[in-house]
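Peer 1: any chance you can model this:
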Amino acid sequence: MKFNTKTIHGGQEHDKAYGAVMPPIYQTSTYAQSTPGGHKGFEYSRTHNPTRKALENSFASIENGKHGFAFASGMAAIDTVIKLLKPGDEVISTNDLYGGSYRLFTKVFSKYGIKFHFIGMDNADKIASYVNENTKLIWVETPTNPMMNIIDIKAASEVAKANNILLGVDNTFATPYLQRPLDLGADIVMHSATKYLGGHSDVVMGALVVNDDDLAEEIAFLQNSSGGVPGPQDSFLMLRGIKTLHIRMQRHSENGKVIAEYLASHPKIEKVYWPGFESHPNHDVAKAQMDDFGGMISFVTKGNSYEDAIKIVEKLKIFTLAESLGGVESLAGHPASMTHASIPKEEREKTGVVDALIRLSVGIEDVDDLIADLEQAIG
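Peer 2: Okay, the predicted model is just below:
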């Protein structure tokens, strides 16, 4: 089954009770048992729910994985991954990553004796140089948030496998439409499904997908024990969103290319960060491991002025100034004061997240309207 078909049919079956084409919303917390332990596969909805199970099957299918897991948010999914570790373990993470991930690592799990190294991952040798006997996880975002850096997943997996380390990949920006980390050697794929997988800015959710049975058993145990699961209504909405992922991502990518090229040619723009440019660092890696380059773009104006950046995002009319990304509508954000505010200024600026940086999530509107909106805002 090819990808475009998987988004609609992958891992799904018609409802056994009445043949419903869409999995019904099983709005129930518990299930009748004929005798203690005698049930039809479901006993309590924190552990399993038919609507959520259908969604988890879909997650696994579109990522070419064996086991899918749904969580109440992307952060709950990452929280579960880190709970696979123990005090004394170490994690090698990219230094350009979502601010919420950085906050979770440094403000929550570091208190429990887990050590995190934040490094540039532009080549595998840098990753390998930080590996020691305590390293248990390599955590990758690619493209990174918000600098759009590209990390070679296959090269990172070779380092991980050579040292018996787990490799986790946050695939939120690319989605499995553009990039499939498990096929490139990753052990765990994570999504903030809130973004492109849901695609309509109406549900918050996270996802994990793995192939290894033992790893899946550990994740299932943590998912059930910690209880950070989504309800059936949100699971239904996410399933509905996934069914149009392929056509949405095609338009996101088409519009993203036009907007990136427009910004790169604008006389008031200093720098545009988008992996589709041949001049982008690791463009060849992006071209090899991605099917297209997506709709996420960051840029700074000439003069690197914080004031100019704020004026631009406040003047936008079709692009909405808001947290998050990946919806059908175009969004604009100011990472330094929004998504990455939890990262200290000196650490942000080391990776290029300066106060003048603007991040765009290019939606699926008419691209001429988007260009006109940017033109009037930039001036």
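Peer 1: which stretches of this protein form helices?
Peer 2: Per DSSP state H, the chain carries helices over the ranges 3-9, 50-62, 74-82, 99-103, 124-129, 153-162, 175-178, 213-226, 232-242, 245-264, 283-289, 306-315, 345-350, 367-378.
Peer 1: now render these as JSON lines, adding mean neighbour count.
Peer 2: From N, CA and C alone the C-beta is placed, and that goes for glycine too. Shown next, in JSON lines, are the helices of the chain (neighbours: other Cβ atoms under 10 Å):
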{"stretch": "helix 3-9", "mean neighbour count": "16"}
{"stretch": "helix 50-62", "mean neighbour count": "24"}
{"stretch": "helix 74-82", "mean neighbour count": "22"}
{"stretch": "helix 99-103", "mean neighbour count": "19"}
{"stretch": "helix 124-129", "mean neighbour count": "16"}
{"stretch": "helix 153-162", "mean neighbour count": "20"}
{"stretch": "helix 175-178", "mean neighbour count": "25"}
{"stretch": "helix 213-226", "mean neighbour count": "15"}
{"stretch": "helix 232-242", "mean neighbour count": "22"}
{"stretch": "helix 245-264", "mean neighbour count": "20"}
{"stretch": "helix 283-289", "mean neighbour count": "18"}
{"stretch": "helix 306-315", "mean neighbour count": "17"}
{"stretch": "helix 345-350", "mean neighbour count": "14"}
{"stretch": "helix 367-378", "mean neighbour count": "16"}
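Peer 1: ranking these by mean pLDDT, which is last?
Peer 2: Set side by side, the helices of the chain give their lowest mean pLDDT on helix 345-350, at a mean of 90.
Peer 1: give me the contacts around that helix.
Peer 2: 95, 118, 335-336, 340, 354 (Cβ atoms under 8 Å, 6 or more residues apart in numbering).
Peer 1: what of stretch 103-122?
Peer 2: With Cβ under 8 Å, 6+ apart, stretch 103-122 has contacts from 75, 78-79, 82, 85-97, 102, 126-127, 130, 134, 140, 149, 151, 156, 281-282, 342-343, 347, 351.
Peer 1: now a ChimeraX select for only the buried ones of those residues.
Peer 2: A single ChimeraX command selects the buried members of these (16 or more other Cβ atoms under 10 Å):
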select :75,78,79,82,85,89,90,91,92,93,94,95,96,97,102,127,130,140,149,151,156,282,343,351
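Peer 1: roughly how far apart are Ile93 and Lys136?
Peer 2: Small correction: residue 93 is Ser, not Ile. To Lys136, Ser93 is 12 Å away according to Cβ to Cβ, to the nearest Å.
Peer 1: can you check Ala322 too?
Peer 2: 36 Å.
Peer 1: then Met238?
Peer 2: In terms of Cβ to Cβ, Met238 sits 30 Å off from Lys136.
Peer 1: and what of Met205?
Peer 2: Met205 is 26 Å from Lys136, by Cβ to Cβ.
Peer 1: compare the two (neighbour count), which wins?
Peer 2: Met205 (29 against 19; other Cβ atoms under 10 Å).
Peer 1: ok, the more buried one touching Phe69?
Peer 2: No: in this structure, Met205 is not within contact of Phe69 by Cβ atoms under 8 Å, at 10.9 Å.
Peer 1: per-domain residue ranges of the chain.
Peer 2: Under the assignment automatic domain parsing, the domains of the chain span 3-242, 246-378.
Peer 1: circling back to that earlier point, among the contacts of helix 345-350, the buried ones, what's the PyMOL command?
Peer 2: Restricted to buried positions by 16+ other Cβ under 10 Å, the PyMOL selection for the contacts of helix 345-350 reads:
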select buried, resi 95+118+335+336+340
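Peer 1: distance to Tyr273 for the contacts of helix 345-350 - can I get that in CSV?
Peer 2: As requested, the contacts of helix 345-350 are exported to CSV (distance: Cβ to Cβ, whole Å):
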residue, distance to Tyr273
Asn95, 15
Phe118, 19
Pro335, 11
Ala336, 14
His340, 14
Val354, 12
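Peer 1: okay if I get the contacts of helix 345-350 as CSV plus distance to Val258 and pLDDT?
Peer 2: Shown next, in CSV, are those (distance: Cβ to Cβ, whole Å; pLDDT from 0 to 100):
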residue, distance to Val258, pLDDT
Asn95, 30, 96
Phe118, 34, 97
Pro335, 23, 95
Ala336, 26, 93
His340, 26, 92
Val354, 25, 94
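Peer 1: return the member of the contacts of helix 345-350 nearest to Val210.
Peer 2: Taking Cβ to Cβ as the measure, Val210 lies nearest Phe118 of those, at 24.3 Å.
Peer 1: which residues does the closest one bridge with?
Peer 2: Beta-bridge partners recorded for Phe118 (DSSP bridges): Ser93.
Peer 1: over to Tyr44?
Peer 2: Thr30.
Peer 1: what's the neighbour count on it?
Peer 2: Neighbour tally, Tyr44, other Cβ under 10 Å: 13.
Peer 1: same question, Val204
Peer 2: 20.
Peer 1: Leu331 now?
Peer 2: Leu331 is flanked by 20 other residues according to other Cβ under 10 Å.
Peer 1: what sits against the nearest residue to it once chain neighbours are set aside?
Peer 2: Excluding its sequence neighbours, the residue lying closest to Leu331 (Cβ to Cβ, 6 or more residues apart in numbering) is Ser361, at 4.3 Å. Applying Cβ under 8 Å, 6+ apart to Ser361 gives the contacts 295-296, 324-327, 330-333.
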